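Asker: Give me the fold of what follows.
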Amino acid sequence: THQEVRRGDILVLCSDGLSGQVKKEEIAQVVTSTRDLSAACDKLIALANERGGPDNITVVIARFDGEGLRDSRGGGDQQADVGHQVYPLIDTETSTEPVPVYKGSRPPVPNKETRSRTTTTVLLLILAVAAVVWYLTRNQ
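Answerer: Here you go, the predicted structure:
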């Protein structure tokens, strides 16, 4: 999806825990009347909870500013562009058919060459340690 934003625009992203309890016009009123965005989030969550918020209530508010953005539309009703859109999480049909359980693959079996190399390395280390011990103890 694409939503053009302009300087001064405020974007509210929320879960249905908020949008199911608080009308979009009420959300717009709280956001436009509260300068501190964190406080606006708190007010909206409190409002949804007061109305029995049966679900998780999540809200994120962002104010767009900066020279790279076009000036806001200016004039008129600030809430004229308030919208409520719900986007599905997936575009495909869902199924209630059981999904096969992945049982994992068998553990890798080391080949004979790897085992042989490991055994040789261990034997060489034991011989080296024995040689050092013999050398250090023969002069005593």
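
Asker: For Glu113, give its distance to Val101.
Answerer: Distance of Glu113 to Val101, computed by Cβ to Cβ, to the nearest Å: 35 Å. Quick note: C-beta positions are derived from backbone N, CA and C, even for glycine.

Asker: what's the answer for Leu127, then?
Answerer: 49 Å.

Asker: One more: Leu18?
Answerer: Distance of Leu18 to Val101, given as Cβ to Cβ: 37 Å.

Asker: Domain map for this structure?
Answerer: Listed domain ranges for the chain are 10-63, 111-140 (source: automatic domain parsing).

Asker: Out of these, which one sits most buried?
Answerer: domain 10-63 (a mean of 16; mean count of other Cβ atoms under 10 Å).

Asker: what distance separates the start and the end of that domain?
Answerer: 4 Å (Cα to Cα, to the nearest Å).

Asker: same thing with stretch 31-41?
Answerer: Termini of stretch 31-41 sit 8 Å apart (Cα to Cα).

Asker: How far off centre is the longest helix along the chain?
Answerer: Longest helix in the chain, counting residues (DSSP state H): helix 112-138. The chain centre lies 51 Å from the centre of helix 112-138; the measure is Cα atoms, centre = their mean, to the nearest Å.

Asker: Output the contacting helices and strands for it.
Answerer: In terms of contacts (3 or more Cβ pairs under 8 Å, 6 or more residues apart in numbering; DSSP states H and E), helix 112-138 is packed against no helix or strand at all.

Asker: still on that earlier bit, and the domains of the chain, which one is worst for confidence?
Answerer: Least confidently modelled of the domains of the chain is domain 111-140, at a mean of 86 by mean pLDDT.

Asker: So what's the gap between it and the chain middle?
Answerer: Put simply, domain 111-140 sits 52 Å off its chain's centre (Cα atoms, centre = their mean).

Asker: where along the protein do the helices fall?
Answerer: Taking DSSP H to define them, one finds helices in the chain at 16-19, 24-33, 37-50, 112-138.

Asker: Which one of those lies nearest to Gln3?
Answerer: Closest approach to Gln3 among these (Cβ to Cβ): helix 24-33, 14.8 Å.

Asker: Please consider this matter closed, and thank you.
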